[in-house]
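> Quick one, fold the following:
(4 chains)
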There are 4 protein chains.
Amino acid sequence: MINDLEFDDGEHMLAPALEAAQHLQQLKSRLARCSIPTIYVNDNFGKWRSDFRQLVEHTLEDNVRGEPVVKLLKPGDEDYFVIKTRHSGFYGTTLEILLHHLEADTLILAGMTGDICVQFTAQDAYMRRFNLIIPPDLIVCKDDETKQTALKQLRQTCKAKTPFSHEIDLDSFCE
Amino acid sequence: MINDLEFDDGEHMLAPALEAAQHLQQLKSRLARCSIPTIYVNDNFGKWRSDFRQLVEHTLEDNVRGEPVVKLLKPGDEDYFVIKTRHSGFYGTTLEILLHHLEADTLILAGMTGDICVQFTAQDAYMRRFNLIIPPDLIVCKDDETKQTALKQLRQTCKAKTPFSHEIDLDSFCE
Amino acid sequence: MINDLEFDDGEHMLAPALEAAQHLQQLKSRLARCSIPTIYVNDNFGKWRSDFRQLVEHTLEDNVRGEPVVKLLKPGDEDYFVIKTRHSGFYGTTLEILLHHLEADTLILAGMTGDICVQFTAQDAYMRRFNLIIPPDLIVCKDDETKQTALKQLRQTCKAKTPFSHEIDLDSFCE
Amino acid sequence: MINDLEFDDGEHMLAPALEAAQHLQQLKSRLARCSIPTIYVNDNFGKWRSDFRQLVEHTLEDNVRGEPVVKLLKPGDEDYFVIKTRHSGFYGTTLEILLHHLEADTLILAGMTGDICVQFTAQDAYMRRFNLIIPPDLIVCKDDETKQTALKQLRQTCKAKTPFSHEIDLDSFCE
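Residues are numbered from 1 along each chain as shown, chains lettered A, B, ... in the order given. Have a look, this model is predicted:
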């Protein structure tokens, strides 16, 4: 979601991204209270020399379309981040090692777009035997049909649960 | 497609698998005439101690549902094979190294099921920058809606071409 | 160790390989009594179309130099195998997935040559947080200086234990 | 080499690290004139939430032992970086994808320590078919015997060339 939205369909994506970001911000607060870590898995957008904080600064300071989304989701010092270069968060990244380090077995996925980066990442996670929760209100797609198709596939091919974010019972993950 | 089909939906899959196998057999002959290699990427079905030839023998000799499909597609000495343990042919396998060894840049994918093993493999191939051709008559899904959805996604998310197998112009790949 | 030894230094390697094979055969029997699995991690020697059983047959039936070694170590139906194409048993193979499936946390490594395939595999195992036992009498090197150097490095860089094979206390691994 | 040297042997490593850094700085200037990119492959030292620039800042601003080394090798805007979490620069990182993006086929390795991070990285590079140049004056080991052993192994197992850095003929890499 840390994205300048400065691409062709970006204008069209702003409203749904903002709505998802509001829900995600609320979930992130609930996760923090349970000491469940948040990981930002972010594309480098071909900027091979940039690190995560530079990508965040770019979206906040360069007067870009995605600024209000990033403002809601600004990473804190306690958050983790992983830079990816292709669609899946697992391909050529440290994500799997980080998840083992954190002893994670269940992932809640959020982001855009639901049928590409989220779905590719979900499938890689499922092959690595992680349980998946993918709330419809936390993923962004170009239209609702695409979103519903992606969610249906994720349920069928990755055994993903797809509750709305406020329905997730975090108590079972708190220790 | 080297599969005993001895699972719940297997009976339902036999007819479409047989039809796809007939088209695949024809394409395989055309590929052989152009010296384009065929790679069998096959699940080990949890039989960690079996090799590919034992899996083929099982499907041909143990009186299983999938026998007529395997008869059509019986591997020859000139074929390559890769054993996979999860959905994608690239996950924990030698496939990527083999494809580089063969100097491949374009893959024609076939198999079952189209929305799981084929789609997971296609997405991994796309991230690794292979061009994809995925003929509708060479993939098997549990129903046509599932197949059409998978094909649409593969075109949209992986830039896959989806011609029928007889429409593929192999001349451009012959040297 | 499943190797035809039909390479330049092969004649020179036969005697030490045979000695290591005798010790390995004894350890393998002890492991079997504790239900600790044996995995053959074998090179395909550039024979991309061969499976493991064909490689074994080749070494047993084609009148090759390595035949007496392979006779001692002939795999049984209860053994696992992984085909590798490069030096490390982890690179482009299913080994890591298999080890997680078997819930292994400690590996006893054996094979040739100690400073290449064994050392590359050991280092990859160490990065993946496996404990390592590498008995000097189970690894083969072209000369003793090379072996001692490899063992010293494996102790220093991978925290490998290097007891002789008969000194390994298997009771701690038996359940 | 971006390292605070605040570990047990760190004091002992400072002098050789400083000497290697001086040679590396000179080579880096020569590489820049040929438009050959420099990639910093750096450990995160267990600081999972830090990015590369924070690691650099820490070594420059927190009054640490490694400061003079980092001052010589301070990364510029044109440099690339890869964060690793274990010994090899290839394990769980974007390095291989970046090298393909840069169309690299030969790597000049530098760093500390020569027998661990450099050697593990070299071996992974060799398996991926990169050519290797590893100048003795650019790698740091705890003592000269360890360095000579590592260099000998890298020549023997990875076909590494080991000229001194000033002997490398960059003309053959300039376009």
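
> So what touches whichever helix in chain A runs longest?
Using DSSP state H to define each element, chain A has its longest helix at helix A:10-33. Residues outside helix A:10-33 that contact it (C-beta atoms under 8 Å, 6 or more residues apart in numbering or on different chains): A:1, A:3-5, A:37-38, A:65-66, A:68-69, A:72-73, A:78, A:108, A:110, A:112-113, A:135, A:137-142, A:165-166, A:168, A:170. From N, CA and C alone the C-beta is placed, and that goes for glycine too.

> for chain A, where's the lowest mean pLDDT among helices and strands?
helix A:52-61 (a mean of 91; mean pLDDT, DSSP states H and E).

> Now the helix or strand that that helix is followed by: average pLDDT?
Where DSSP states H and E defines the elements, the next helix or strand beyond helix A:52-61 is helix A:67-72. The pLDDT scores in helix A:67-72 average 95.

> Let me know how buried the nearest residue to A:T38 once chain neighbours are set aside is, in neighbour terms.
Using C-beta to C-beta, 6 or more residues apart in numbering or on different chains and skipping residues adjacent in sequence, the residue nearest A:T38 is A:D79, 5.0 Å away. A count of neighbours around A:D79, defined by other C-beta atoms under 10 Å in any protein chain shown, yields 16.

> From A:C117, how far out is A:D79?
18 Å (C-beta to C-beta, to the nearest Å).

> any weak-confidence spans in chain A?
Scanning chain A with the threshold set as pLDDT under 70 gives A:175.

> near chain D, which residues of it?
Counting by C-beta under 8 Å from any C-beta of the partner chain, chain A comes close to chain D at A:48-49, A:51-54, A:77-81, A:83-86, A:91-94, A:96-98, A:101.

> Apply 6 Å and report the result again.
A:48-49, A:51-53, A:80, A:85, A:92, A:94, A:97 (C-beta under 6 Å from any C-beta of the partner chain).

> Buried only: go through the residues you listed for me.
A:48, A:51-52, A:80, A:85, A:92, A:94, A:97 (16 or more other C-beta atoms under 10 Å in any protein chain shown).

> ok, of these, which one's closest to C:T157?
If you rank those by distance to C:T157 using C-beta to C-beta, A:I97 comes first, at 18.9 Å.

> how about the closest one, secondary structure?
helix (DSSP: H, G, I helix; E, B strand; the rest coil).

> my guess is it meets D:Y91, correct?
No: applying C-beta atoms under 6 Å as the test, A:I97 and D:Y91 come out as separate, 8.0 Å apart.

> quick check, stretch A:107-114 touching chain B?
No: for stretch A:107-114, no contact with chain B is found by C-beta under 6 Å from any C-beta; the gap never falls below 9.1 Å.

> Report the distance from that stretch to the chain centre.
Mean-position distance between stretch A:107-114 and its chain equals 4 Å (C-alpha atoms, centre = their mean, to the nearest Å).

> Over to it now: how far is its first residue from its last?
15 Å (C-alpha to C-alpha, to the nearest Å).

> So what touches that stretch?
A:1, A:24, A:117-118, A:122, A:125, A:130, A:132-134, A:138-141, A:147, A:150 (C-beta atoms under 6 Å, 6 or more residues apart in numbering or on different chains).

> picking up where we left off before, buried subset of the contacts of helix A:10-33?
For the contacts of helix A:10-33, buried by 16+ other C-beta under 10 Å: A:1, A:3-5, A:37-38, A:65-66, A:69, A:72-73, A:108, A:110, A:112-113, A:135, A:137-142, A:165, A:168.

> just to revisit the earlier point, in the least confident helix or strand of chain A, which residues are buried?
Going by 16+ other C-beta under 10 Å, helix A:52-61 has these buried residues: A:52, A:55-56, A:58-60.

> quick one, it and helix D:52-61 angle?
110 degrees (axes from the mean of the first three to the mean of the last three C-alpha atoms, to 10 degrees).

> got a list of contacts for helix A:52-61?
Contacts of helix A:52-61 (C-beta under 6 Å, 6+ apart): A:2, A:4, A:66, A:70, A:81, A:83, D:51.

> Looking at those residues, which two lie furthest apart in space?
Longest span within the contacts of helix A:52-61, C-beta to C-beta: A:G66 and D:D51, 20.0 Å.

> can you count the residues close to the residue nearest to A:K161 when sequence neighbours are not counted?
Spatial nearest neighbour of A:K161, excluding adjacent residues (C-beta to C-beta, 6+ apart): A:I133 at 4.9 Å. Neighbour count for A:I133, taken as other C-beta under 10 Å: 18.

> ditto for A:Q25
Neighbour tally, A:Q25, other C-beta under 10 Å: 13.

> Next: A:T93.
21.

> thinking A:A150 is in contact with A:D115, fair?
Yes: with contact defined as C-beta under 6 Å, A:A150 and A:D115 form a contacting pair (4.0 Å).

> between the two, who's got more neighbours?
A:A150 (26 against 22).

> would you say that one is within a helix?
Yes: residue state for A:A150 (three-state DSSP) corresponds to a helix.

> How many residues are close by the residue lying closest to A:C158 once chain neighbours are set aside?
Once flanking residues are discounted, A:C158 sits nearest to A:Y126: 3.8 Å by C-beta to C-beta, 6+ apart. The local packing of A:Y126 (other C-beta under 10 Å) involves 20 other residues.

> Checking A:Y126 next. Helix, strand or coil?
Taking three-state DSSP, the label given to A:Y126 is helix.

> and it, how far is that from A:F164?
21 Å.

> isn't there a helix covering A:I83?
No: counting by three-state DSSP, A:I83 falls outside a helix, being strand.

> Might one say that it is in contact with A:F45?
No: assessed by C-beta under 6 Å, A:I83 is found out of contact with A:F45, at 10.0 Å.

> out of these two, which sits in the more crowded spot?
A:I83 (25 against 16).

> got the contact list for A:V140?
So A:V140 contacts A:16-17, A:20, A:112-113 (C-beta under 6 Å, 6+ apart).

> need those in a markdown table with distance to A:A32, can you?
A markdown table is the format used below for the contacts of A:V140 (distance: C-beta to C-beta, whole Å):
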| residue | distance to A:A32 |
| --- | --- |
| A:P16 | 24 |
| A:A17 | 22 |
| A:A20 | 18 |
| A:M112 | 22 |
| A:T113 | 26 |
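
> biggest separation within the residues you listed, which pair?
A:A20 and A:T113 (10.8 Å).

> Quick check: residues of chain A near chain B?
A:86-87, A:91, A:116, A:120, A:123, A:127, A:149, A:157.

> and with 7 Å instead?
Contacts of chain A with chain B, taken as C-beta under 7 Å from any C-beta of the partner chain, map to A:86-88, A:91, A:115-116, A:120, A:123, A:127, A:149, A:153, A:157.

> Out of those, flag the one nearest to chain C.
Relative to chain C, the closest of these is A:M127; by C-beta to the nearest C-beta it sits at 9.3 Å.

> How about the closest one, nearest residue that isn't a chain neighbour?
Excluding its sequence neighbours, the residue lying closest to A:M127 (C-beta to C-beta, 6+ apart) is B:R86, at 4.3 Å.

> Was I right to think the one you found contacts A:R129?
No: if you go by C-beta atoms under 7 Å, B:R86 and A:R129 don't touch, sitting 8.9 Å apart.

> Between these two, which is the more surrounded one?
Between B:R86 and A:R129, counted using other C-beta under 10 Å, B:R86 has the larger neighbour count: 21 against 10.

> Pretty sure that one sits in a strand.
No: counting by three-state DSSP, B:R86 is not found in a strand; it is coil.

> Next up, the contacts around the residue nearest to A:T38.
A:38, A:40, D:49 (C-beta atoms under 7 Å, 6 or more residues apart in numbering or on different chains).

> list the buried ones in stretch A:18-32?
Result for stretch A:18-32 [16+ other C-beta under 10 Å]: buried residues A:18, A:20-21, A:23-24, A:27-28, A:31.
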